[in-house]
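Chemist: I would like to see how this sequence folds:
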Amino acid sequence: MTDSFTLDPRLQRDCRVVAELPLSTVLLMNDTHYPWCILVPRRADIRELYQLSEADYGQLQLESRTLGRALMDAFQGDKLNVAALGNVVAQLHIHHIVRYTEDPAWPDPVWGKYPAKPYTDDEADKLVERIRQALQLTSQ
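Modeler: From the prediction side, this is the model:
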């Protein structure tokens, strides 16, 4: 049920909502270094993938694939990093990060490499719209 679902405060602070999929909320990480979205299943008190029901697990996999395809279509990256860490934010969330061989952290993981460089409101609005359009194209 989604009745008691609340988005973790850190995700609220660090991200902007892009879209609502059947199971998950798509967030844009506020960091201009990388096109970086986070998929958060709207289920209360879930920390790990194995805690999802079979139906929710299957839906999350579908949404992750859809988001990954949309991001790579929209941003033409060299690699897509997909990860569920949860070391800082325990709430289950899946990072989808478009990587380029010339990005600042390549080939290392992005975590802790550089402080986030926030988008301007205008930049974030344009990026959210670009991702929304890509999601519509790939979800048909």
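
Chemist: Can you show me the helices along the protein?
Modeler: 9-14, 54-75, 121-138 (DSSP state H).

Chemist: which one of those helices lies closest to Gly112?
Modeler: helix 9-14 (14.2 Å; CB to CB). The C-beta positions use only the backbone N, C-alpha and C, and glycine is treated the same way.

Chemist: need the least confident one among the helices of the chain, by mean pLDDT.
Modeler: For these, mean pLDDT drops lowest on helix 121-138, to a mean of 91.

Chemist: Determine the angle, from 0 to 180 degrees, between it and helix 54-75.
Modeler: Inter-element angle recorded for helix 121-138 and helix 54-75: 120 degrees (by axes from the mean of the first three to the mean of the last three CA atoms, to 10 degrees).

Chemist: Burial check on Ile131, number of neighbours?
Modeler: Neighbour count for Ile131, taken as other CB atoms under 10 Å: 21.

Chemist: Would you mind giving the helices of the chain as CSV with distance to Ile46 added?
Modeler: Shown next, in CSV, are the helices of the chain (distance: least, CB to CB, whole Å):
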stretch, distance to Ile46
helix 9-14, 14
helix 54-75, 8
helix 121-138, 23
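
Chemist: which of the ones you listed sits most buried?
Modeler: For these, the largest average neighbour count (mean count of other CB atoms under 10 Å) is found in helix 54-75, namely a mean of 17.

Chemist: Run through the neighbouring helices and strands of that helix.
Modeler: Counting contacts by 3 or more CB pairs under 8 Å, 6 or more residues apart in numbering; DSSP states H and E, helix 54-75 packs against strand 24-29, strand 36-41, strand 79-83, strand 94-99, helix 121-138.
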